[in-house]
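A.B. asks: no sequence for this one, just the structure:
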């Protein structure tokens, strides 16, 4: 019965995605998109491709994370996938490569097809849920991921993704619980710490956000995403010189200055960004009890938007959070 229900839901998802006029769950302003682009590496996610080699007919990992190498790698995987459409490892490898190229709708379609064939495979369901999350199908992703985990044998990566989805849906308390569970399973994991830091920032607690992100950056497994997230939180606190120094780890001094200058401009022009700063400053002047209070979804930056939609500041951090979860 459950298998039949899952297959029906998966087919319903396919119908929804086949509609070219389907509206995304949230809209990102031009300013937020510009900031995201400045902090991105050529528009591509940095993913570990080393864990998908060794499959039947699957090519070795790409030479680099450059757009050209990723495209060539995903094309080889496409050929392998078409030759072995029932091979779960090849399908997951192909979907992961597509996600690295931001082809999220295609990745979700690939994982949907393989999930129908392996409806009880937790690894497949986990990859399907992540692909759905990247494609903006947040509630469906959360539903799929509930079947990708087990209370007796939880998976830290699934917990991390579920946390990033909860943050995007505005439930920061639930998100932080997911991250805390993930950190118990994978202590010191930088992608989880980065997500936790951004969740604190969304909850208007910038000092705790900075602390979590500093711990993430200190890990030898940290990459550009953790460092640029830290730079963002530092800039939100007015620590612009330090934000530039952190950015220079991955970017040229000129690029780092441009990044921080763009963030400063957004802070100056956007009441949403100033709202995070003001709220964080107020928290710093309150009692210990007040600082410990958890903000509800209605307390977040979305409150400043006239239409009740998520603010540009929230969307920026949520986007980065999802990127960090997609490893």
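C.D. replies: Nice, thanks for sending it over. Only a predicted model underlies this, so the values are computations on that prediction, with no experimental measurement involved.
A.B. asks: Tell me the helices and strands packed up against the helix or strand where residue 72 lies.
C.D. replies: Assigned by DSSP states H and E, residue 72 falls within helix 67-83. Contact here means 3 or more Cβ pairs under 8 Å, 6 or more residues apart in numbering; DSSP states H and E; on that basis helix 67-83 packs against helix 88-100. Every residue, glycine included, has its C-beta placed from N, CA and C.
A.B. asks: at 10 Å instead, please
C.D. replies: Other helices and strands packing on helix 67-83, by 3 or more Cβ pairs under 10 Å, 6 or more residues apart in numbering; DSSP states H and E, are helix 88-100, helix 104-117.
A.B. asks: what's the angle between the longest one and helix 88-100?
C.D. replies: Which is helix 104-117. 160 degrees (axes from the mean of the first three to the mean of the last three Cα atoms, to 10 degrees).
A.B. asks: Tell me the buried residues in helix 104-117?
C.D. replies: 104-116 (16 or more other Cβ atoms under 10 Å).
A.B. asks: Now do the contacts for residue 118.
C.D. replies: By Cβ atoms under 10 Å, 6 or more residues apart in numbering, the residues touching residue 118 are 86, 88, 91, 124, 125, 128.
A.B. asks: before we move on, what about residue 257?
C.D. replies: For residue 257, the contact set (Cβ under 10 Å, 6+ apart) comprises 240, 243, 244, 247, 248, 251.
A.B. asks: any idea how far the last one lies from residue 96?
C.D. replies: By that I understand residue 251. Remark: distance between residue 251 and residue 96 (Cβ to Cβ, to the nearest Å) = 26 Å.
A.B. asks: Those two: which is more packed in?
C.D. replies: residue 96 (25 against 21; other Cβ atoms under 10 Å).
A.B. asks: separation between the more buried one and residue 255?
C.D. replies: For residue 96, the distance to residue 255 - Cβ to Cβ - is 28 Å.
A.B. asks: Columns distance to residue 216 and mean pLDDT on top of the helices and strands packed on helix 67-83, output as a markdown table?
C.D. replies: Below are the helices and strands packed on helix 67-83 laid out as a markdown table (distance: least, Cβ to Cβ, whole Å; pLDDT from 0 to 100):
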| stretch | distance to residue 216 | mean pLDDT |
| --- | --- | --- |
| helix 88-100 | 21 | 94 |
| helix 104-117 | 24 | 96 |
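A.B. asks: export those to TSV and tack on distance to residue 78?
C.D. replies: Listed next are these as TSV, based on distance: least, Cβ to Cβ, whole Å:
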stretch	distance to residue 78
helix 88-100	6
helix 104-117	9
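A.B. asks: Just the mean pLDDT for the helix holding residue 72, thanks.
C.D. replies: Across helix 67-83, pLDDT averages out at 93.
A.B. asks: so that helix versus helix 88-100, what angle?
C.D. replies: On the basis of the same axes, to 10 degrees, helix 67-83 is oriented at 150 degrees to helix 88-100.
A.B. asks: Which positions within helix 67-83 qualify as buried?
C.D. replies: 70, 73, 74, 76, 77, 78, 80, 81.
A.B. asks: what do you get for stretch 214-233?
C.D. replies: Those would be 214-217, 222-223, 225-233, for stretch 214-233 by 16+ other Cβ under 10 Å.
A.B. asks: And for stretch 120-130?
C.D. replies: 121, 122, 124, 125, 126, 127, 128, 129, 130.
A.B. asks: Among these, which ones are in helices?
C.D. replies: Residues from the buried residues of stretch 120-130 lying in helices, with DSSP state H as the criterion: 122, 124, 125, 126, 127, 128, 129, 130.
A.B. asks: Out of the contacts of residue 257, which is nearest to residue 209?
C.D. replies: Nearest to residue 209 among the contacts of residue 257 is residue 243, at 13.1 Å by Cβ to Cβ.
A.B. asks: Can you name the residues in contact with the host helix or strand of that closest one?
C.D. replies: For residue 243, the host element (DSSP H and E) is helix 240-247. Residues outside helix 240-247 that contact it (Cβ under 10 Å, 6+ apart) are 38-39, 210, 213-214, 217, 224, 226-237, 239, 251, 253, 255-261, 263-264, 267.
A.B. asks: Narrow those to those in helices?
C.D. replies: If you go by DSSP H, the contacts of helix 240-247 have 38-39, 210, 213-214, 217, 224, 226-236, 253, 255-261, 263-264, 267 in helices.
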